[in-house]
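Enquirer: Okay, structure incoming, though there's no sequence with it:
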DNA sequence: TAATTTATTGAAAAAGTTTTCAAAGTAAGT
DNA sequence: ACTTACTTTGAAAACTTTTTCAATAAATTA
């Protein structure tokens, strides 16, 4: 077995106690910075600890204390590109509060979510942070039946009383639509991404609200058929026969696909068509023209979610349940207005 | 405390034993699919388990069995975009073998690595998988002094006897250089990325080998100064006064920066300059022209690393220590040859 | 000096599982 | 009916820590 100290004797709190000539209770107190141990004894124990290279066993601590200082992070396996900064934010804050992160990914199958929860329950994570971008209502229901402290991250979740760190995409899309309609644009189109049903609903609500404000009805969903594994292939066909005043996409990859498809069909952006990508990424600035997009504070979403989680674990109840972070619309070269 | 079963009585192996009228030893045997329990008893215990909603406590199991079924994954926090597929591969295989993944990230500071190891030792992870893209020699030395099973993933590592799943970038760059020199290209340039010192060394070795085969010496490092936080800004200046036959970059973002900088300075790609990006990504296919690149089997790197790890944990020794996966050069529109 | 308080320590129980060893029960063979 | 062998079960120890409670030692007060 490739165990920790091959060959060498395993060093536990007993070894340290023996080495220092004290009881294990005293060693435990030294480890945990308890104030009620004599300075001289502390020195002796600390010397024994470094001499033996003792490291407390977090598993045994977990058992004794009934907490693991581990947070489970549940994310959809497909969208890592968008997760990067969120995870960085999470981890930076987790480090400060000495929490570990256990990573779990969901695939599309329904059974999977209860399997993941099963796993998390078994591992006795102190809390769960869920990126809710691709969750179905079914999955959210499963998650809510679950009594470990939980924070949803990403966009607004409908479950009542859920702790939620999010960006208000509905408002973002409403404002965008409203602005364009005021400028006289009517032919607005949203490229549909099958993979984010909940997110999509939210975007649509925003657009609908914008249209109904001006007594119009939105009717511009462009759905990429299932059989196209590459959205560019479909869009290239699509823009042969279609042209719109404003095209909205969710992800950078789709925006780039639209850009290429339009360009190759002689539709110039932004002269003939405006293009907006909802979720910002570094790549939206790397193509020409740069693509207008909403800056989403991903790092902050992650960091705040983790901070909220530590608060939940410290105090029994928290006052605030909803933490809304603001997007920033970045008007770049792919749009005229 | 937001504990597991608020209000309700906590359900342990004792509760189940009591409910089923057996001893805890028997319940443990049922949980672990031991063959030596009577069919009828098993039924009774299983009924009790579902009735009470019992889930074994992995922490207690970890203590009793002296293993946590957790693998620590150490990655540099900066390069998540490249990590996505690797993590997916890792997690898919981890799921099969019922391992959990604990995520740790390194920042640039030296002290950090020993802090992370300290944390991993405490948490008693069964094994460690390290993405060694951005590691310094110092950090590798620290890691090697550490007796938990370890797999290095990404590129070839110099430490003797280390278990390593990698792509041979040196060979890739050698082949590329050789091919270009054979076609009469001499003015070859590599954009230097300060962030991956080890990786960079390997690429340079490959290029040097290609040059020395033809009795030439490589002298084409283009270093982006520290004070430019955006490589595009520097490259835009650079390509005002410089022009090369072949430009090689490590990452997609740099390739795109080169593409834009050249285009905006009237250097057309591929007519005047060939452009190759070493590490493939979906984005290299999304710009025009598409950028020639090496397809790196990231998912497989992750999956294989995890598989190797499970083998290491099963059997004391493994025969193979080095697992080399092959890249595929993808000749696209940014290159003439 | 004796009594009282305070500071420091240790013994033992508790956390929830696995596993060894012995005991009890059952079936088979004579 | 009586060994013998095998199947099934349970009691108890082990895993490594924290924490409570009681005991001892030291310091203070009367």
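Expert: Nice, I can see it. None of the values given here were measured: they were computed from a predicted structure. Residues are numbered from 1 along each chain as shown, chains lettered A, B, ... in the order given.

Enquirer: need the residues of chain A near DNA strand C, please.
Expert: Within chain A, the positions lying close to DNA strand C (C-beta under 7 Å from any atom of the strand) are A:21-26, A:29, A:36-41, A:60, A:63-64, A:66. Where you see a C-beta, it was placed from the backbone N, CA and C, and this is true even at glycine.

Enquirer: What's the ChimeraX line that selects buried ones from the residues you listed?
Expert: Per 16 or more other C-beta atoms under 10 Å in any protein chain shown, the buried members of these correspond to this ChimeraX selection:
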select /A:22,26,29,37,41,60,63
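
Enquirer: Which ones among the residues of chain A next to DNA strand C also lie next to chain B?
Expert: A:60, A:63, A:66 (C-beta under 8 Å from any C-beta of the partner chain).

Enquirer: tell me which element the second one falls in.
Expert: When elements are defined using DSSP states H and E, residue A:63 is found to belong to helix A:58-65.

Enquirer: got any ranges where the stretch 151-300 of chain A has weak pLDDT?
Expert: Applying pLDDT under 70 to the stretch 151-300 of chain A flags no residue at all.

Enquirer: Would you pull up the residue in it closest to DNA strand D?
Expert: Nearest to DNA strand D, among the residues of the stretch 151-300 of chain A, is residue A:151, at 25.4 Å (C-beta to the nearest atom of the strand).

Enquirer: Give me the angle between the helix holding residue A:63 and helix B:58-65.
Expert: 120 degrees (axes from the mean of the first three to the mean of the last three C-alpha atoms, to 10 degrees).

Enquirer: Can you tell me the element the residue of the stretch 201-337 of chain A found nearest DNA strand C falls in?
Expert: Closest approach between the stretch 201-337 of chain A and DNA strand C, counting by C-beta to the nearest atom of the strand: residue A:313, at 17.9 Å. Residue A:313 is part of helix A:298-314, with elements assigned from DSSP H and E.

Enquirer: any idea of the mean pLDDT in the following helix or strand past that helix?
Expert: Sequence-wise, the next helix or strand downstream of helix A:298-314 (DSSP H and E) is strand A:322-325. For strand A:322-325, the mean pLDDT works out to 96.

Enquirer: can you pull the buried residues of strand A:322-325?
Expert: residue A:323.

Enquirer: chain center to the next helix or strand after it: distance?
Expert: Using DSSP H and E, the helix or strand that follows strand A:322-325 towards the C-terminus is strand A:328-330. Between the centre of strand A:328-330 and the centre of its chain there are 20 Å (C-alpha atoms, centre = their mean, to the nearest Å).

Enquirer: can you list contacts of the strand or helix carrying residue A:94?
Expert: Here residue A:94, judged by DSSP H and E, is contained in helix A:80-96. Residues outside helix A:80-96 that contact it (C-beta atoms under 8 Å, 6 or more residues apart in numbering or on different chains) are A:71, A:73, A:75, A:100-101, A:129, A:131, A:133, A:153, A:251, A:279, A:281, A:298-307, A:310, B:77, B:80-81, B:83-85, B:87-88, B:103-105.

Enquirer: Tell me what angle it forms with helix A:298-314.
Expert: 40 degrees.

Enquirer: Go through helix A:80-96 and flag the buried ones.
Expert: Under 16+ other C-beta under 10 Å, the buried positions of helix A:80-96 are A:80-95.

Enquirer: Which ones, among those residues, also lie beside DNA strand D?
Expert: Okay, of the buried residues of helix A:80-96, nothing touches DNA strand D (C-beta under 7 Å from any atom of the strand).

Enquirer: now, among those residues, which is nearest to residue A:186?
Expert: residue A:82 (30.9 Å; C-beta to C-beta).

Enquirer: which SS state does residue A:128 fall under?
Expert: strand (DSSP: H, G, I helix; E, B strand; the rest coil).

Enquirer: if I look at it, how far off is DNA strand D?
Expert: Note on residue A:128: its distance to DNA strand D, by C-beta to the nearest atom of the strand, to the nearest Å, is 24 Å.

Enquirer: residues in contact with that residue?
Expert: If you count contacts by C-beta under 8 Å, 6+ apart, then residue A:128 has A:71-74, A:120, A:143, A:146, A:148-151 around it.

Enquirer: go on, residue A:18?
Expert: Contacts of residue A:18 by C-beta under 8 Å, 6+ apart: none found.

Enquirer: Could you pull up the residues touching residue A:47?
Expert: Neighbours of residue A:47 in contact, by C-beta under 8 Å, 6+ apart: residue A:20.

Enquirer: That one: helix or strand, and which one exactly?
Expert: helix A:39-52.

Enquirer: Sort out which residues of that helix are buried, please.
Expert: So, applying 16+ other C-beta under 10 Å, buried residues of helix A:39-52: A:41-42, A:44-45, A:48-49, A:52.

Enquirer: Doesn't residue A:164 belong to a helix?
Expert: No: secondary structure of residue A:164 (three-state DSSP): strand, not part of a helix.

Enquirer: Could you chop chain A up by domain?
Expert: Per automatic domain parsing, the structural domains of chain A span A:13-56, A:66-168+A:298-326, A:169-295.

Enquirer: ok, residue A:213 - contacts?
Expert: So residue A:213 contacts A:178, A:181 (C-beta under 8 Å, 6+ apart).

Enquirer: Now do it against chain B, distance only.
Expert: 35 Å (C-beta to the nearest C-beta, to the nearest Å).

Enquirer: ok, the nearest residue to residue A:146 once chain neighbours are set aside - how many residues close by?
Expert: Among residues not flanking residue A:146 along the chain, residue A:117 sits closest, at 5.8 Å (C-beta to C-beta, 6 or more residues apart in numbering or on different chains). Residues lying near residue A:117 (other C-beta atoms under 10 Å in any protein chain shown) number 21.

Enquirer: correct me, but residue A:117 touches residue A:142?
Expert: Yes: with contact defined as C-beta atoms under 8 Å, residue A:117 reaches residue A:142; the gap is 6.6 Å.

Enquirer: Now do the shared contacts for the two.
Expert: Contacts common to residue A:117 and residue A:142, judged by C-beta under 8 Å, 6+ apart, are absent.

Enquirer: Just the mean pLDDT for stretch A:301-312, thanks.
Expert: 96.

Enquirer: List the buried residues of it.
Expert: A:301-312.

Enquirer: Tell me how far that stretch lies from the chain's centre.
Expert: 12 Å.

Enquirer: can you check stretch A:259-279 too?
Expert: Centre to centre, stretch against its chain (C-alpha atoms, centre = their mean), the figure for stretch A:259-279 is 29 Å.

Enquirer: Ok, stretch A:299-307 next?
Expert: 9 Å.

Enquirer: Equivalent analysis for stretch A:174-194, please.
Expert: 26 Å.

Enquirer: The residue of the stretch 151-300 of chain A closest to DNA strand D: how many residues sit nearby?
Expert: 24.

Enquirer: Does it fall in a helix, a strand, or a coil region?
Expert: strand.

Enquirer: who touches it in this structure?
Expert: A:127-130, A:163-165, A:305, A:308-309, A:312.

Enquirer: what separates it from residue A:144, distance-wise?
Expert: Relative to residue A:144, residue A:151 is positioned 13 Å away (C-beta to C-beta, to the nearest Å).

Enquirer: can you check residue A:273 too?
Expert: Counting by C-beta to C-beta - residue A:273 and residue A:144 are separated by 42 Å.

Enquirer: Between those two, which has more neighbouring residues?
Expert: Neighbour count, other C-beta under 10 Å: between residue A:273 and residue A:144, residue A:273 has more, with 23 against 15.

Enquirer: returning to what we had before: hmm, residue A:126 and the residue of the stretch 201-337 of chain A closest to DNA strand C touching each other?
Expert: Yes: shown here, residue A:313 and residue A:126 form a contact pair, counting by C-beta under 8 Å, at 5.6 Å.

Enquirer: what residues are shared contacts of the two?
Expert: residue A:149.
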